[in-house]
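J.: need coordinates for the below:
(3 chains)
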Amino acid sequence: MANVISDETIEYVGILAKLELSEEEKEKAKKDMAEMLDYIDELSELDTEGVEPMSHVFPQHNVFREDVVTNGDDSENMLKNAPEQKDNMYQVPRTF
Amino acid sequence: MAKQYETVIGLEVHVELATKTKIFCGCSTAFGGAPNTHVCPVCSGMPGSLPVLNKQVLEYAMAVGMALNCDITRYAKFDRKNYFYPDNPQNYQISQLYLPICRNGKVEIETADGAKKFVGIHEIHMEEDAGKLIHDEWEDCSLVDYNRSGVPLIEIVSEPDMRSAEEVIAYLEKLRMTIQYLGASDCKLQEGSMRADVNLSLREVGATEFGTRTEMKNLNSFKAIANAIKGETERQMDLLEAGKSVVQETRRWDDTKGESYAMRSKEDAQDYRYFPDPDLTPIVVSQEWLDEIKAREPEFRPEKMARYKAEFDLPDYDIEIITGTKRMADLFEATTAICNKPKKVSNWLMVQTMQLLKEESMDAEDIRFSPEHLASLIELTDSKAINSSVAKEVFEKMFHDDIDPVQYVEENGLKTVNDEGALRKTIEEIVAANPQSVEDYHNGKEKAIGFLVGQTMKAMKGKADPGMVNQILKEIL
Amino acid sequence: MENLLKLSAVELSTRIKNKEVTVREAVEAVFAQIDKTEETYNCYVTLDREGALVRAQEIQQQIDAGTLTGPLAGVPVAIKDNMCTEGMLTTCSSKILYNFIPTFSAEAVLQLEKAGAVVLGKTNMDEFAMGSTTETSAFGATKNPWNEAHVPGGSSGGSAAAVAAGECFFALGSDTGGSIRQPASYCGVVGMKPTYGTVSRYGLIAYGSSLDQIGPICKDVTDCATVLEAITCHDPKDSTSMQREDTDFTSALVDDVKGMKIGIPKDYFGEGLDPQVKEKVLAAAEVLKEKGAVVEEFDLALVKYAIPTYYTIADAEASSNLERFDGVKYGYRAKDTDELHQMYKRSRSEGFGPEVKRRIMLGSFVLSSGYYDAYYLKALKVKALIKKAFDEAFAKYDVILGPVAPTTAPALGSSLSDPMKMYLGDIYTISVNLAGLPGISVPCGRDDAGLPIGLQLIGDCFQEKKLIRMAYTYECARGQFPVCRAITEKEGR
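T.: Okay, here's the model as predicted:
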């Protein structure tokens, strides 16, 4: 395998993605990720000099909405899904 | 000898746009709703929801960009900025990194001492605001309200062209004035519709390389900005003088304590993994569209000042105050258009109106009376239908309750009494009742007549023309 | 009484319209079948028997009053569990959404409801549509109705199996890299992925936003065209939704392909393709040739680069799309977490299954500082090249013909241990998503073990009608495909 994924990388990506892997999962993740990256590295065989990256398949553009209020208050139904709520707000562990 | 340092400052200014709805959904941007009542699946990050761009946001952003002499990007896109925080319901913020809507602008600023210079605008991008976190001490937790989530913002990123707090304030004033004139935002620092982050570094005078900068957040008044610049300059200078180095970081300014502290955590990797948002299509701007927006551009303050001088021959002092806000200038122009008495309109605005605004700590934006009513009031005084003290009373009523002055004067019987016979009779009674004053007057005490006028006005319940009272008094005496 | 379950959706609605069958009878017949077979196949995550019966009555009244006359009126349908249904549990087959009740319905579901279809419930899938077997579901694997020791394919495995087993008359699936076509192929039913932007994504819980499309899974091509016609619309709530004129897809149900040009990519028939699959697919090409189509082999460039391109793009988008599942607003929150980031990490780590975590990790990595250009941007450039290769092919051919998957349905439990091998199984389907093209899977035979084989037809953008015409012509020539024993067993006993 050309790519070697370090413990630090797994740790770092875990911080970005907010995932906490078990030791066993980490080992598997290192192996899987290295294998996938080796595979993805095959793309470097292709000459893409001057090729415009294609994020959208179709040249569709300028899709807008007008500045008109269309939504009412649906907080009751939405907050029913909240794991924890208080005073019509979503409750989370303290943020400071 | 101590080294001489130069402070280098760049600003990131967030401005909340004055749209009716949020940037990507049809929820109202109005302030003051109960928590989470201006919220829908889109701005609360519900699974399956999708954003659609509010066209007005884009037009405001382009208008601001043009007013700040920017190049408008003809092919722009939105990107996702990924980071986890509870006020950010999708855990990514839709913003612009790779192809922001405006680039390469500049504005001319003038500091108090009259010095002029240009500040470069690096870019302006559109993005969505976050929700609000409320800290609940009782439960030791935080609560999230998404009413502000998705409110449209533009972020104006300057070049590091400023060298002092004065320049920073002048730059912000200039931005505020321009954006207010465009109607794109009310730009209130205290209410958070304009927010500035200060990037600051020091370097030795004469150096060409920039020093390491810090970014300061949480600055919600011009005073806080000036304090923070002073505080951070001193902090960095102390570090450099002690042979230490400045760490590139984000710091939070606490204006009550007058100090800043670093906002750092292991969980905050500052790696935002920006990539083009696949849910939004690119923006293509044609020359026709730009021309259209340019054509809608209002007259800005400098042109307005010159015109007021030429067209209305107002004193510079009046012009300075009246053009200080777009709202005031609009009111001036609309009222003048009705009554054609520019100086009188100006007097009402810059004296009585300013005074009441100050007393009530209100902004010009909050003025409720109409130009029609102000013109009527001026008409009432000019035709001597009411005298000036009644006029002031009526104006106050108009300012607070937006009443129609003509109707109000009528209903409350405030019209000046022009019946000379009746007035003469009252004055004769006053003269008879105050022999001492009459004697004083005859003894050369001119002031005594003032007392008699006052007594007459009182007896007439203020509804007499003071000029006429004076004239009749002199005749009798 | 005839076995209603053998009817197609359009046949059923005709019977209902002619008052030979009531909507309630149709719904009850399906639930009777569900009672009999669901325990074995596990097609559904959620069933709404009560709601369906209430709805059946409403629809019946509208049909009787003559206000509802369309070809799907009264037909029971199953919805993949990654489409929001107002007031009905929507889980994406994930623990992290185990209790999520949407406040709105996906636009595609609304369109079906407007057409008078009766929603039965939500079908099982690979967790967040990540997988090719429906084994990554947090609610247990779905079994293949043709042989319960095998997978139904995925990620829309529950939808495809439900159609094959007679547990619904048709279903909606979603296809990001083959997730409609491949399970349709494994289950012997017809599945179609439309051109990107044809069906609104509003209410579809995103996996790879630039690749996701909703489409029908049906018993035959006629149903498929009918359902697609019903769910296609321009939706102002989805910025990528297209304004299309040519959406009268049923008008393309024509038994004639004379003069149409078919391209067969040589690279789709090389190493790794099961010989029985190859034989049946090529035989199908032969049938079309006899019907007057011109069939030619050609070299489709870049086939082998589609998989790494796809996984880079899909996983990057997924890593961002799945950030919203954080234990704050809905779904699962880990217990006893009083620190914010610990709450995030534990909720997500406990709420997501291994395959989802694997893709989020890779996706986050390819977007991270220092790797964006080398991986993500590179993949977007290769995507442009792949699109160009298809443009060149469609300059010469009306339709590209090939297999859907390299093999028939694998045995349960044989795929997940080696993710790379599983990803390779997507080789024939994923480039269609990268290029935004429409593709259809039509049953074209069975292997020695009796497992169905699918024929894939790929069209140029917005050329669904060519696909439907060709698929319909093939179907007419092929004749009735065997009905799955899950349905016929009822008659035997």
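J.: from now on I want contacts and neighbour counts done on CA atoms only, so please keep to that.
T.: Will do.
J.: now chain A, which segments are flagged as low pLDDT?
T.: A:1 (pLDDT under 70).
J.: which stretches in it count as helices?
T.: For chain A, applying DSSP state H gives helices covering A:7-17, A:23-40, A:75-79.
J.: pipe those helices into TSV and attach distance to chain B and mean neighbour count per row.
T.: Listed next are the helices of chain A as TSV, based on distance: least, CA to the nearest CA, whole Å; neighbours: other CA atoms under 10 Å in any protein chain shown:
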stretch	distance to chain B	mean neighbour count
helix A:7-17	6	19
helix A:23-40	18	17
helix A:75-79	6	17
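J.: export those to JSON lines and tack on distance to C:Gly116?
T.: As requested, the helices of chain A are exported to JSON lines (distance: least, CA to CA, whole Å):
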{"stretch": "helix A:7-17", "distance to C:Gly116": "42"}
{"stretch": "helix A:23-40", "distance to C:Gly116": "45"}
{"stretch": "helix A:75-79", "distance to C:Gly116": "26"}
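J.: the residue in the stretch 251-400 of chain B positioned nearest to chain C sits in which helix or strand?
T.: Nearest to chain C in the stretch 251-400 of chain B, going by CA to the nearest CA, is B:Arg273, at a distance of 4.9 Å. Under DSSP states H and E, no helix or strand contains B:Arg273.
J.: hmm, back to that, out of the helices of chain A, which is closest to C:Asp175?
T.: Among those, the nearest to C:Asp175 by CA to CA is helix A:23-40 (21.9 Å).
J.: for the closest one, packing partners?
T.: helix A:7-17, helix C:306-321, helix C:354-367, helix C:419-424 (3 or more CA pairs under 8 Å, 6 or more residues apart in numbering or on different chains; DSSP states H and E).
J.: using CSV, write out every CA atom in it.
T.: What follows is helix A:23-40, C-alpha atoms only, in CSV (Å, rounded to 0.1, in the frame of the first residue of the first chain):
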residue,chain,number,x,y,z
GLU,A,23,-9.3,1.1,18.9
GLU,A,24,-10.6,-1.7,16.7
GLU,A,25,-12.5,0.7,14.5
LYS,A,26,-9.4,2.9,14.2
GLU,A,27,-7.3,0.1,12.9
LYS,A,28,-9.9,-0.9,10.4
ALA,A,29,-10.4,2.8,9.4
LYS,A,30,-6.6,3.2,8.8
LYS,A,31,-6.6,0.1,6.5
ASP,A,32,-9.8,1.0,4.7
MET,A,33,-8.8,4.6,4.1
ALA,A,34,-5.3,3.7,2.9
GLU,A,35,-6.8,1.2,0.5
MET,A,36,-9.3,3.7,-0.9
LEU,A,37,-6.7,6.4,-1.3
ASP,A,38,-4.5,4.0,-3.2
TYR,A,39,-7.4,3.4,-5.5
ILE,A,40,-8.2,7.1,-5.8
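J.: roughly how far is that helix from the heart of the chain?
T.: 18 Å (CA atoms, centre = their mean, to the nearest Å).
J.: tell me the angle it makes with helix A:7-17.
T.: 90 degrees (axes from the mean of the first three to the mean of the last three CA atoms, to 10 degrees).
J.: got the angle between helix A:23-40 and helix C:306-321?
T.: Using the same axes, to 10 degrees: helix A:23-40 against helix C:306-321 is 130 degrees.
J.: mind listing what residue 76 touches?
T.: All of this is about chain A. A:Asn88 (CA atoms under 8 Å, 6 or more residues apart in numbering or on different chains).
J.: my question was about chain B, not that one.
T.: Counting by CA under 8 Å, 6+ apart, B:Ala76 makes contact with B:99-101, B:282-284.
J.: dump those residues to a markdown table, plus neighbour count.
T.: Conversion of the contacts of B:Ala76 to a markdown table gives the following (neighbours: other CA atoms under 10 Å in any protein chain shown):
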| residue | neighbour count |
| --- | --- |
| B:Leu99 | 19 |
| B:Pro100 | 20 |
| B:Ile101 | 27 |
| B:Pro282 | 22 |
| B:Ile283 | 21 |
| B:Val284 | 14 |
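J.: and the residue of the stretch 301-450 of chain C nearest chain B?
T.: Going by CA to the nearest CA, chain B is nearest to C:Arg324 of the stretch 301-450 of chain C, at 4.4 Å.
J.: excluding its backbone neighbours, what's nearest the residue of chain A found nearest chain C?
T.: As assessed by CA to the nearest CA, chain C sits closest to A:Pro53 within chain A, at 4.2 Å. Of all residues not flanking A:Pro53 in the chain, C:Lys381 sits nearest, at 4.2 Å (CA to CA, 6 or more residues apart in numbering or on different chains).
J.: can you count the residues close to the closest residue to chain B within chain A?
T.: The nearest approach of chain A to chain B comes at A:Arg94, 4.2 Å away (CA to the nearest CA). By other CA atoms under 10 Å in any protein chain shown, 18 other residues sit near A:Arg94.
J.: that one against B:Asp140, yeah?
T.: Yes. Checked against CA atoms under 8 Å, the pair A:Arg94 and B:Asp140 is within contact range at 6.4 Å.
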